[in-house]
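Novice: below are the sequence and a predicted model; questions follow.
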2 protein chains.
Amino acid sequence: MELYDAMQRRRDTRAEFTGAAVDDEVLRRVLAAAHSAPSVGMSQPWDFVLVRDAQALAAFAGHVASERDEFASSLDGERAETFSRIKIEGIRESGLGVVVGYDPTRGGPNVLGRHAIADAGLYSVCLAIQNLWLAATAEGLGVGWVSFYREEFLRELVSMPEHVRPVAWLCLGEVANVPTVPDLERFGWRHRSPLESVLHAERWGEQVEPVQS
Amino acid sequence: MELYDAMQRRRDTRAEFTGAAVDDEVLRRVLAAAHSAPSVGMSQPWDFVLVRDAQALAAFAGHVASERDEFASSLDGERAETFSRIKIEGIRESGLGVVVGYDPTRGGPNVLGRHAIADAGLYSVCLAIQNLWLAATAEGLGVGWVSFYREEFLRELVSMPEHVRPVAWLCLGEVANVPTVPDLERFGWRHRSPLESVLHAERWGEQVEPVQS
(Lines give C-alpha, C1' and ligand atoms only; values in the text may rest on other atoms or scores of the structure.)
Protein backbone atom coordinates (compact mmCIF):
# COMPACT_ATOMS: atom_id res chain seq x y z
CA MET A 1 0.00 0.00 0.00
CA GLU A 2 1.14 3.54 -0.74
CA LEU A 3 2.40 5.40 2.31
CA TYR A 4 -0.11 8.25 2.12
CA ASP A 5 -2.97 5.77 1.61
CA ALA A 6 -1.92 3.89 4.72
CA MET A 7 -1.84 7.12 6.73
CA GLN A 8 -5.27 8.12 5.48
CA ARG A 9 -6.90 4.71 6.01
CA ARG A 10 -5.41 4.13 9.44
CA ARG A 11 -8.08 4.24 12.13
CA ASP A 12 -8.22 3.48 15.82
CA THR A 13 -10.29 0.30 15.74
CA ARG A 14 -12.79 -0.60 18.46
CA ALA A 15 -15.91 -2.29 17.13
CA GLU A 16 -14.74 -3.87 13.88
CA PHE A 17 -12.60 -6.83 14.98
CA THR A 18 -13.77 -10.17 13.58
CA GLY A 19 -11.82 -12.35 16.01
CA ALA A 20 -10.12 -14.33 13.20
CA ALA A 21 -6.52 -15.29 13.95
CA VAL A 22 -3.79 -13.16 12.38
CA ASP A 23 -1.49 -15.06 10.03
CA ASP A 24 1.97 -15.60 11.56
CA GLU A 25 3.86 -14.25 8.55
CA VAL A 26 1.72 -11.11 8.45
CA LEU A 27 2.17 -10.56 12.18
CA ARG A 28 5.89 -10.91 11.75
CA ARG A 29 5.98 -8.24 9.02
CA VAL A 30 4.02 -5.88 11.24
CA LEU A 31 6.33 -6.44 14.21
CA ALA A 32 9.41 -6.15 11.98
CA ALA A 33 8.08 -2.78 10.79
CA ALA A 34 7.88 -1.65 14.42
CA HIS A 35 11.40 -2.93 15.06
CA SER A 36 12.74 -0.96 12.08
CA ALA A 37 11.73 2.38 13.61
CA PRO A 38 14.32 5.03 14.43
CA SER A 39 15.53 5.16 18.02
CA VAL A 40 17.71 7.50 20.03
CA GLY A 41 21.32 6.37 19.78
CA MET A 42 19.99 3.27 17.98
CA SER A 43 18.99 1.92 21.36
CA GLN A 44 15.91 0.06 20.04
CA PRO A 45 14.47 0.26 23.56
CA TRP A 46 11.11 -1.41 22.90
CA ASP A 47 9.53 -4.72 23.92
CA PHE A 48 6.43 -6.39 22.52
CA VAL A 49 4.52 -8.91 24.60
CA LEU A 50 1.94 -10.82 22.55
CA VAL A 51 -1.05 -11.68 24.72
CA ARG A 52 -3.62 -14.19 23.44
CA ASP A 53 -4.57 -16.00 26.63
CA ALA A 54 -8.34 -15.59 27.10
CA GLN A 55 -8.04 -15.15 30.85
CA ALA A 56 -5.45 -12.41 30.49
CA LEU A 57 -7.58 -10.60 27.89
CA ALA A 58 -10.61 -10.82 30.17
CA ALA A 59 -8.65 -9.57 33.19
CA PHE A 60 -7.38 -6.57 31.25
CA ALA A 61 -10.83 -5.82 29.84
CA GLY A 62 -12.25 -5.85 33.37
CA HIS A 63 -9.62 -3.41 34.58
CA VAL A 64 -10.26 -1.11 31.60
CA ALA A 65 -14.00 -1.17 32.31
CA SER A 66 -13.44 0.16 35.80
CA GLU A 67 -11.15 2.90 34.48
CA ARG A 68 -13.80 3.79 31.94
CA ASP A 69 -16.31 4.21 34.75
CA GLU A 70 -13.89 6.46 36.60
CA PHE A 71 -13.48 8.74 33.58
CA ALA A 72 -17.24 8.73 32.93
CA SER A 73 -17.91 9.92 36.47
CA SER A 74 -15.76 13.02 35.80
CA LEU A 75 -18.03 14.14 32.94
CA ASP A 76 -21.21 16.26 32.99
CA GLY A 77 -24.24 16.72 30.76
CA GLU A 78 -23.58 16.51 27.04
CA ARG A 79 -20.04 15.15 27.54
CA ALA A 80 -21.29 12.29 29.72
CA GLU A 81 -24.07 11.54 27.25
CA THR A 82 -21.74 11.57 24.22
CA PHE A 83 -19.11 9.45 25.98
CA SER A 84 -21.69 6.83 26.94
CA ARG A 85 -22.17 5.96 23.26
CA ILE A 86 -18.44 5.45 22.52
CA LYS A 87 -16.88 1.98 22.55
CA ILE A 88 -13.38 2.36 23.97
CA GLU A 89 -11.82 -1.06 23.47
CA GLY A 90 -11.90 -4.33 21.55
CA ILE A 91 -9.63 -6.29 23.86
CA ARG A 92 -11.45 -9.63 23.77
CA GLU A 93 -12.88 -9.24 20.27
CA SER A 94 -9.47 -8.73 18.64
CA GLY A 95 -8.06 -11.83 20.30
CA LEU A 96 -4.54 -10.39 20.43
CA GLY A 97 -3.08 -7.68 22.62
CA VAL A 98 0.38 -6.31 21.90
CA VAL A 99 1.76 -4.82 25.09
CA VAL A 100 4.50 -2.36 24.22
CA GLY A 101 7.16 -1.63 26.81
CA TYR A 102 10.06 0.79 27.16
CA ASP A 103 13.29 -0.70 28.52
CA PRO A 104 15.82 2.11 29.14
CA THR A 105 18.63 -0.40 29.71
CA ARG A 106 18.56 -1.67 26.13
CA GLY A 107 20.90 0.94 24.69
CA GLY A 108 23.85 0.20 26.97
CA PRO A 109 25.36 2.64 29.48
CA ASN A 110 25.88 5.61 27.12
CA VAL A 111 22.87 6.21 24.92
CA LEU A 112 23.92 8.73 22.26
CA GLY A 113 21.43 11.61 22.36
CA ARG A 114 19.71 10.78 25.64
CA HIS A 115 21.95 12.57 28.16
CA ALA A 116 20.03 15.87 27.90
CA ILE A 117 16.53 14.49 27.31
CA ALA A 118 15.65 11.57 29.55
CA ASP A 119 12.40 10.89 27.69
CA ALA A 120 14.10 10.46 24.30
CA GLY A 121 13.97 6.67 24.72
CA LEU A 122 10.26 6.79 25.43
CA TYR A 123 9.80 8.83 22.25
CA SER A 124 11.53 6.09 20.25
CA VAL A 125 9.05 3.51 21.50
CA CYS A 126 6.20 5.64 20.17
CA LEU A 127 7.83 5.84 16.74
CA ALA A 128 7.85 2.04 16.69
CA ILE A 129 4.15 2.00 17.59
CA GLN A 130 3.31 4.25 14.65
CA ASN A 131 5.28 1.98 12.29
CA LEU A 132 3.35 -1.00 13.65
CA TRP A 133 0.03 0.83 13.18
CA LEU A 134 0.73 1.81 9.58
CA ALA A 135 2.05 -1.65 8.67
CA ALA A 136 -1.05 -3.25 10.20
CA THR A 137 -3.22 -0.90 8.12
CA ALA A 138 -1.36 -1.86 4.95
CA GLU A 139 -1.88 -5.55 5.83
CA GLY A 140 -5.62 -4.99 6.25
CA LEU A 141 -5.52 -5.38 10.04
CA GLY A 142 -7.02 -3.09 12.65
CA VAL A 143 -5.24 -1.56 15.65
CA GLY A 144 -6.90 -0.06 18.70
CA TRP A 145 -4.73 1.70 21.27
CA VAL A 146 -6.25 1.29 24.72
CA SER A 147 -5.12 3.82 27.30
CA PHE A 148 -7.74 3.39 30.03
CA TYR A 149 -5.48 1.48 32.41
CA ARG A 150 -2.99 1.92 35.23
CA GLU A 151 0.58 1.12 34.28
CA GLU A 152 1.12 -0.97 37.43
CA PHE A 153 -1.81 -3.21 36.59
CA LEU A 154 -0.51 -3.90 33.11
CA ARG A 155 3.07 -4.41 34.29
CA GLU A 156 1.94 -7.10 36.71
CA LEU A 157 -0.40 -8.73 34.20
CA VAL A 158 2.45 -9.46 31.78
CA SER A 159 5.22 -9.81 34.41
CA MET A 160 7.23 -6.82 33.19
CA PRO A 161 10.21 -6.10 35.46
CA GLU A 162 10.20 -2.84 37.43
CA HIS A 163 12.62 -1.10 35.07
CA VAL A 164 10.42 -1.67 32.00
CA ARG A 165 7.58 0.81 31.54
CA PRO A 166 4.33 -0.25 29.85
CA VAL A 167 3.61 2.27 27.09
CA ALA A 168 0.64 0.82 25.25
CA TRP A 169 -1.88 -1.98 24.91
CA LEU A 170 -2.63 -2.38 21.22
CA CYS A 171 -5.57 -4.53 20.17
CA LEU A 172 -4.49 -6.08 16.87
CA GLY A 173 -6.61 -8.20 14.60
CA GLU A 174 -8.56 -8.91 11.47
CA VAL A 175 -11.29 -6.34 10.84
CA ALA A 176 -14.39 -5.85 8.73
CA ASN A 177 -15.64 -2.51 7.42
CA VAL A 178 -13.23 -0.08 9.03
CA PRO A 179 -14.90 3.35 8.99
CA THR A 180 -13.36 6.22 7.05
CA VAL A 181 -14.16 8.77 9.77
CA PRO A 182 -12.64 8.42 13.27
CA ASP A 183 -15.09 7.12 15.90
CA LEU A 184 -14.65 10.18 18.09
CA GLU A 185 -15.67 12.42 15.20
CA ARG A 186 -18.59 10.17 14.17
CA PHE A 187 -19.95 10.22 17.71
CA GLY A 188 -19.48 13.97 18.12
CA TRP A 189 -16.74 13.88 20.74
CA ARG A 190 -14.09 15.91 18.86
CA HIS A 191 -13.37 17.21 15.38
CA ARG A 192 -10.12 17.35 13.43
CA SER A 193 -8.45 20.74 13.43
CA PRO A 194 -7.12 22.54 10.34
CA LEU A 195 -3.41 22.18 9.62
CA GLU A 196 -2.81 25.92 9.92
CA SER A 197 -3.89 25.87 13.54
CA VAL A 198 -0.77 23.91 14.54
CA LEU A 199 1.84 25.68 12.36
CA HIS A 200 4.04 28.59 13.42
CA ALA A 201 6.66 30.58 11.50
CA GLU A 202 10.01 31.11 13.23
CA ARG A 203 8.42 31.62 16.65
CA TRP A 204 5.42 30.12 18.44
CA GLY A 205 2.25 32.10 17.68
CA GLU A 206 3.41 33.59 14.39
CA GLN A 207 1.25 32.55 11.49
CA VAL A 208 2.45 30.50 8.53
CA GLU A 209 1.11 31.76 5.20
CA PRO A 210 -1.20 29.16 3.64
CA VAL A 211 0.12 27.58 0.44
CA GLN A 212 -1.96 28.52 -2.62
CA SER A 213 -2.61 25.43 -4.68
CA MET B 1 6.18 5.29 -2.36
CA GLU B 2 5.14 1.96 -0.85
CA LEU B 3 4.84 1.99 2.94
CA TYR B 4 7.40 -0.74 3.58
CA ASP B 5 9.86 0.93 1.18
CA ALA B 6 9.51 4.22 3.04
CA MET B 7 10.17 2.47 6.36
CA GLN B 8 13.23 0.73 4.96
CA ARG B 9 14.70 3.81 3.24
CA ARG B 10 14.11 6.15 6.16
CA ARG B 11 17.37 7.25 7.74
CA ASP B 12 18.39 9.77 10.36
CA THR B 13 20.13 12.31 8.14
CA ARG B 14 23.16 14.29 9.29
CA ALA B 15 25.71 14.85 6.54
CA GLU B 16 23.65 14.62 3.36
CA PHE B 17 21.66 17.88 3.30
CA THR B 18 22.19 19.94 0.14
CA GLY B 19 20.76 23.19 1.52
CA ALA B 20 18.28 23.57 -1.36
CA ALA B 21 14.92 25.04 -0.33
CA VAL B 22 12.05 22.60 0.17
CA ASP B 23 9.10 23.20 -2.14
CA ASP B 24 6.11 24.67 -0.28
CA GLU B 25 3.62 22.13 -1.58
CA VAL B 26 5.88 19.25 -0.63
CA LEU B 27 6.44 20.70 2.83
CA ARG B 28 2.71 21.05 3.25
CA ARG B 29 2.12 17.38 2.38
CA VAL B 30 4.75 16.34 4.91
CA LEU B 31 3.24 18.49 7.66
CA ALA B 32 -0.28 17.34 6.76
CA ALA B 33 0.94 13.74 7.16
CA ALA B 34 2.13 14.61 10.67
CA HIS B 35 -1.19 16.28 11.44
CA SER B 36 -3.11 13.17 10.33
CA ALA B 37 -1.49 11.01 13.03
CA PRO B 38 -3.61 9.35 15.71
CA SER B 39 -3.84 11.15 19.05
CA VAL B 40 -5.28 10.34 22.45
CA GLY B 41 -8.91 11.44 22.58
CA MET B 42 -8.32 13.08 19.18
CA SER B 43 -6.57 15.89 21.02
CA GLN B 44 -4.06 16.58 18.20
CA PRO B 45 -1.78 18.10 20.84
CA TRP B 46 1.19 18.96 18.58
CA ASP B 47 2.73 22.21 17.34
CA PHE B 48 5.25 22.70 14.54
CA VAL B 49 7.44 25.79 14.49
CA LEU B 50 9.26 26.20 11.16
CA VAL B 51 12.64 27.81 11.75
CA ARG B 52 14.61 29.13 8.76
CA ASP B 53 16.20 32.25 10.22
CA ALA B 54 19.99 31.86 9.87
CA GLN B 55 20.69 33.44 13.25
CA ALA B 56 18.28 31.09 15.00
CA LEU B 57 19.81 28.06 13.24
CA ALA B 58 23.31 29.19 14.25
CA ALA B 59 22.26 29.81 17.84
CA PHE B 60 20.77 26.34 18.11
CA ALA B 61 23.79 24.72 16.46
CA GLY B 62 26.06 26.45 18.99
CA HIS B 63 23.99 25.16 21.89
CA VAL B 64 24.02 21.63 20.46
CA ALA B 65 27.81 21.77 20.04
CA SER B 66 28.23 22.46 23.75
CA GLU B 67 25.90 19.60 24.64
CA ARG B 68 27.87 17.36 22.33
CA ASP B 69 31.04 18.25 24.23
CA GLU B 70 29.33 17.43 27.51
CA PHE B 71 28.33 13.97 26.27
CA ALA B 72 31.79 13.38 24.78
CA SER B 73 33.41 14.12 28.13
CA SER B 74 31.39 11.28 29.71
CA LEU B 75 32.94 8.69 27.36
CA ASP B 76 36.16 6.70 27.67
CA GLY B 77 38.53 4.92 25.31
CA GLU B 78 36.94 3.24 22.31
CA ARG B 79 33.57 4.92 22.91
CA ALA B 80 35.14 8.39 22.94
CA GLU B 81 37.13 7.59 19.81
CA THR B 82 34.12 6.18 17.94
CA PHE B 83 31.87 9.07 18.97
CA SER B 84 34.41 11.63 17.78
CA ARG B 85 33.87 10.48 14.18
CA ILE B 86 30.07 10.79 14.25
CA LYS B 87 28.33 13.88 12.92
CA ILE B 88 25.36 14.51 15.17
CA GLU B 89 23.47 17.31 13.40
CA GLY B 90 22.83 19.13 10.13
CA ILE B 91 21.07 22.15 11.61
CA ARG B 92 22.57 24.84 9.37
CA GLU B 93 23.09 22.61 6.34
CA SER B 94 19.42 21.58 6.12
CA GLY B 95 18.26 25.20 6.27
CA LEU B 96 15.01 24.28 7.99
CA GLY B 97 14.33 23.19 11.54
CA VAL B 98 10.92 21.88 12.53
CA VAL B 99 10.50 22.33 16.27
CA VAL B 100 7.82 19.98 17.51
CA GLY B 101 5.96 20.86 20.67
CA TYR B 102 3.43 19.19 22.94
CA ASP B 103 0.55 21.37 24.11
CA PRO B 104 -1.52 19.47 26.71
CA THR B 105 -4.27 22.13 26.61
CA ARG B 106 -5.19 21.37 22.98
CA GLY B 107 -7.63 18.57 23.73
CA GLY B 108 -9.98 20.56 25.98
CA PRO B 109 -10.61 19.88 29.67
CA ASN B 110 -11.50 16.16 29.37
CA VAL B 111 -9.11 14.29 27.10
CA LEU B 112 -10.63 10.87 26.49
CA GLY B 113 -7.98 8.26 27.39
CA ARG B 114 -5.56 10.53 29.24
CA HIS B 115 -6.95 10.42 32.79
CA ALA B 116 -4.93 7.34 33.77
CA ILE B 117 -1.81 7.98 31.69
CA ALA B 118 -0.60 11.55 31.81
CA ASP B 119 2.03 10.96 29.11
CA ALA B 120 -0.49 9.72 26.54
CA GLY B 121 -0.53 13.17 24.91
CA LEU B 122 3.23 13.15 24.63
CA TYR B 123 3.02 9.75 22.94
CA SER B 124 0.65 11.22 20.35
CA VAL B 125 3.17 13.88 19.43
CA CYS B 126 5.73 11.18 18.68
CA LEU B 127 3.31 9.36 16.39
CA ALA B 128 3.01 12.60 14.42
CA ILE B 129 6.80 12.82 14.18
CA GLN B 130 7.02 9.33 12.71
CA ASN B 131 4.36 10.21 10.12
CA LEU B 132 6.36 13.31 9.22
CA TRP B 133 9.55 11.30 8.92
CA LEU B 134 8.05 8.65 6.65
CA ALA B 135 6.31 11.25 4.46
CA ALA B 136 9.57 13.18 4.11
CA THR B 137 11.29 9.95 3.06
CA ALA B 138 8.62 9.29 0.43
CA GLU B 139 9.09 12.86 -0.85
CA GLY B 140 12.85 12.33 -1.18
CA LEU B 141 13.67 14.60 1.77
CA GLY B 142 15.95 13.89 4.70
CA VAL B 143 15.11 14.22 8.39
CA GLY B 144 17.59 14.38 11.24
CA TRP B 145 16.26 14.32 14.79
CA VAL B 146 18.57 16.33 17.04
CA SER B 147 18.31 15.56 20.75
CA PHE B 148 21.50 17.14 22.10
CA TYR B 149 19.80 20.16 23.66
CA ARG B 150 18.15 21.38 26.83
CA GLU B 151 14.41 21.84 26.55
CA GLU B 152 14.53 25.26 28.22
CA PHE B 153 16.99 26.57 25.64
CA LEU B 154 14.81 25.47 22.75
CA ARG B 155 11.60 26.75 24.36
CA GLU B 156 13.12 30.20 24.71
CA LEU B 157 14.63 30.16 21.22
CA VAL B 158 11.21 29.76 19.59
CA SER B 159 9.19 31.59 22.26
CA MET B 160 7.16 28.58 23.30
CA PRO B 161 4.89 29.31 26.28
CA GLU B 162 5.63 27.52 29.56
CA HIS B 163 2.82 25.01 29.12
CA VAL B 164 4.13 23.78 25.75
CA ARG B 165 6.94 21.22 25.91
CA PRO B 166 9.57 21.02 23.16
CA VAL B 167 9.74 17.39 22.01
CA ALA B 168 12.06 17.51 18.99
CA TRP B 169 14.18 19.55 16.63
CA LEU B 170 13.93 17.96 13.21
CA CYS B 171 16.36 19.06 10.50
CA LEU B 172 14.35 18.78 7.28
CA GLY B 173 15.67 19.29 3.79
CA GLU B 174 16.71 18.15 0.37
CA VAL B 175 19.37 15.44 0.46
CA ALA B 176 21.84 13.70 -1.80
CA ASN B 177 22.94 10.09 -1.48
CA VAL B 178 21.22 9.00 1.69
CA PRO B 179 23.07 5.92 2.97
CA THR B 180 21.30 2.58 3.23
CA VAL B 181 22.93 1.73 6.56
CA PRO B 182 22.34 3.91 9.66
CA ASP B 183 25.26 6.21 10.53
CA LEU B 184 25.63 4.75 14.01
CA GLU B 185 26.03 1.29 12.50
CA ARG B 186 28.41 2.49 9.77
CA PHE B 187 30.64 4.14 12.36
CA GLY B 188 30.55 1.17 14.71
CA TRP B 189 28.58 2.80 17.53
CA ARG B 190 25.70 0.27 17.70
CA HIS B 191 24.20 -2.57 15.69
CA ARG B 192 20.60 -3.46 14.99
CA SER B 193 19.23 -6.26 17.13
CA PRO B 194 17.28 -9.28 15.84
CA LEU B 195 13.50 -9.07 16.02
CA GLU B 196 13.25 -12.10 18.30
CA SER B 197 15.21 -10.27 20.99
CA VAL B 198 12.31 -7.85 21.61
CA LEU B 199 9.38 -10.29 21.38
CA HIS B 200 7.72 -12.10 24.29
CA ALA B 201 4.85 -14.61 24.39
CA GLU B 202 2.11 -13.95 26.96
CA ARG B 203 4.56 -12.74 29.62
CA TRP B 204 7.78 -10.74 29.55
CA GLY B 205 10.79 -13.04 29.11
CA GLU B 206 8.94 -15.94 27.48
CA GLN B 207 10.22 -16.67 24.02
CA VAL B 208 8.16 -16.35 20.84
CA GLU B 209 8.67 -19.21 18.40
CA PRO B 210 10.34 -17.94 15.22
CA VAL B 211 8.16 -18.12 12.11
CA GLN B 212 9.41 -20.64 9.56
CA SER B 213 9.29 -19.13 6.11
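Specialist: It's in.

Novice: list the contacts of stretch A:10-19.
Specialist: The contact list for stretch A:10-19, computed with C-beta atoms under 8 Å, 6 or more residues apart in numbering or on different chains, reads A:87-90, A:93-95, A:133-134, A:137, A:142-145, A:171, A:173-180, A:182-183, B:38. Placement of C-beta: from N, CA and C, glycine included.

Novice: could you redo the last one with a cut-off of 6 Å?
Specialist: Stretch A:10-19 is contacted from outside by A:87, A:90, A:93-95, A:133, A:137, A:142-144, A:173-178, A:183, B:38, using C-beta atoms under 6 Å, 6 or more residues apart in numbering or on different chains.

Novice: again with stretch A:191-210
Specialist: Here stretch A:191-210 makes contact (C-beta under 6 Å, 6+ apart) with A:185, B:32, B:35, B:44, B:46-51, B:53, B:158-160.

Novice: save those residues as TSV, and put in secondary structure, distance to residue B:63 and pLDDT too.
Specialist: Output for the contacts of stretch A:191-210, formatted as TSV (DSSP: H, G, I helix; E, B strand; the rest coil; distance: C-beta to C-beta, whole Å; pLDDT from 0 to 100):
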residue	secondary structure	distance to residue B:63	pLDDT
A:185	helix	40	94
B:32	helix	30	98
B:35	helix	28	98
B:44	coil	29	98
B:46	strand	23	98
B:47	strand	20	98
B:48	strand	20	98
B:49	strand	16	98
B:50	strand	19	98
B:51	strand	13	98
B:53	coil	15	98
B:158	coil	12	98
B:159	coil	16	98
B:160	coil	15	98
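
Novice: which among the contacts of stretch A:10-19 count as buried?
Specialist: By neighbour count, with 16 or more other C-beta atoms under 10 Å in any protein chain shown, those hold A:90, A:93-95, A:133, A:137, A:142-144, A:173-175, A:178, A:183, B:38 as buried.

Novice: quick one: least confident of those residues?
Specialist: Note: of the buried ones among the contacts of stretch A:10-19, the lowest pLDDT belongs to residue A:178, at 86.

Novice: residues contacting that residue?
Specialist: With contacts defined as C-beta under 6 Å, 6+ apart, residue A:178 is in contact with A:11, A:16, A:142.

Novice: what is the strand ranked longest in chain A packed up against?
Specialist: Counting residues, the longest strand in chain A under DSSP state E turns out to be strand A:165-174. With contacts taken as 3 or more C-beta pairs under 6 Å, 6 or more residues apart in numbering or on different chains; DSSP states H and E, strand A:165-174 sits against helix A:91-94, strand A:97-102, strand A:141-146, helix A:151-157.

Novice: and the shortest one, what other elements does it pack with?
Specialist: In this case it means helix A:91-94. Contacts defined by 3+ C-beta pairs under 6 Å, 6+ apart place helix A:91-94 against helix A:54-72, strand A:165-174.

Novice: show residues contacting that helix.
Specialist: Here helix A:91-94 makes contact (C-beta under 6 Å, 6+ apart) with A:17, A:19, A:57, A:60, A:61, A:171, A:173.

Novice: from the residues you listed, list just the buried residues.
Specialist: A:17, A:57, A:60, A:61, A:171, A:173.

Novice: quick one: the first one from residue B:67, how far?
Specialist: In this case it means residue A:17. Distance from residue A:17 to residue B:67, counting by C-beta to C-beta, to the nearest Å: 46 Å.

Novice: try the fifth one
Specialist: Applying C-beta to C-beta, one obtains 40 Å for the distance of residue A:171 from residue B:67.

Novice: same check, this time on the second one
Specialist: For residue A:57, the distance to residue B:67 under the criterion C-beta to C-beta works out to 45 Å.

Novice: picking up where we left off before, of all the helices and strands packed on helix A:91-94, which one is nearest residue A:111?
Specialist: Counting by C-beta to C-beta, residue A:111 lies closest to strand A:165-174 out of the helices and strands packed on helix A:91-94; the figure is 15.3 Å.

Novice: the inter-axis angle of the closest one versus strand A:97-102?
Specialist: Comparing the axes of strand A:165-174 and strand A:97-102 via axes from the mean of the first three to the mean of the last three C-alpha atoms, to 10 degrees yields an angle of 150 degrees.

Novice: walk me through which strands strand A:165-174 pairs with, and which way each runs.
Specialist: Applying DSSP bridges, strand A:165-174 is found paired with strand A:97-102 (antiparallel), strand A:141-146 (antiparallel).

Novice: who touches that strand?
Specialist: A:17-18, A:20, A:90-91, A:94-102, A:125, A:129, A:143-146, A:151, A:154-155.

Novice: one step back: now the buried members of the contacts of stretch A:191-210.
Specialist: Using 16+ other C-beta under 10 Å as the burial test, the contacts of stretch A:191-210 include B:35, B:44, B:46, B:47, B:48, B:49, B:50, B:51, B:158, B:160 as buried.

Novice: biggest separation within those residues, which pair?
Specialist: Spanning the widest gap among those are B:44 and B:51, at 21.3 Å by C-beta to C-beta.

Novice: sorry, back to before: let's have the strands paired with strand A:165-174 in CSV, adding distance to residue B:116.
Specialist: Shown next, in CSV, are those (distance: least, C-beta to C-beta, whole Å):
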stretch, distance to residue B:116
strand A:97-102, 15
strand A:141-146, 10
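
Novice: now for whichever residue of chain A sits closest to chain B: which residues touch it?
Specialist: Nearest to chain B, among the residues of chain A, is residue A:126, at 3.3 Å (C-beta to the nearest C-beta). Contacts of residue A:126 were listed using C-beta under 6 Å, 6+ apart, and they are B:123, B:126, B:127.

Novice: my guess is the last one meets residue A:130, correct?
Specialist: Yes: in terms of C-beta atoms under 6 Å, residue B:127 counts as a neighbour of residue A:130; the distance is 4.4 Å.

Novice: where are the low-confidence patches of chain A?
Specialist: Low-confidence segments of chain A, defined by pLDDT under 70: A:211-213.

Novice: ok, residue A:161 to residue B:35 distance?
Specialist: Using C-beta to C-beta, residue A:161 is found at 37 Å from residue B:35.

Novice: now do stretch A:146-165: distance from first to last residue.
Specialist: Counting by C-alpha to C-alpha, to the nearest Å, you get 15 Å between the two ends of stretch A:146-165.

Novice: that one: how far from the chain's middle?
Specialist: The chain centroid and the centroid of stretch A:146-165 are separated by 15 Å under C-alpha atoms, centre = their mean, to the nearest Å.
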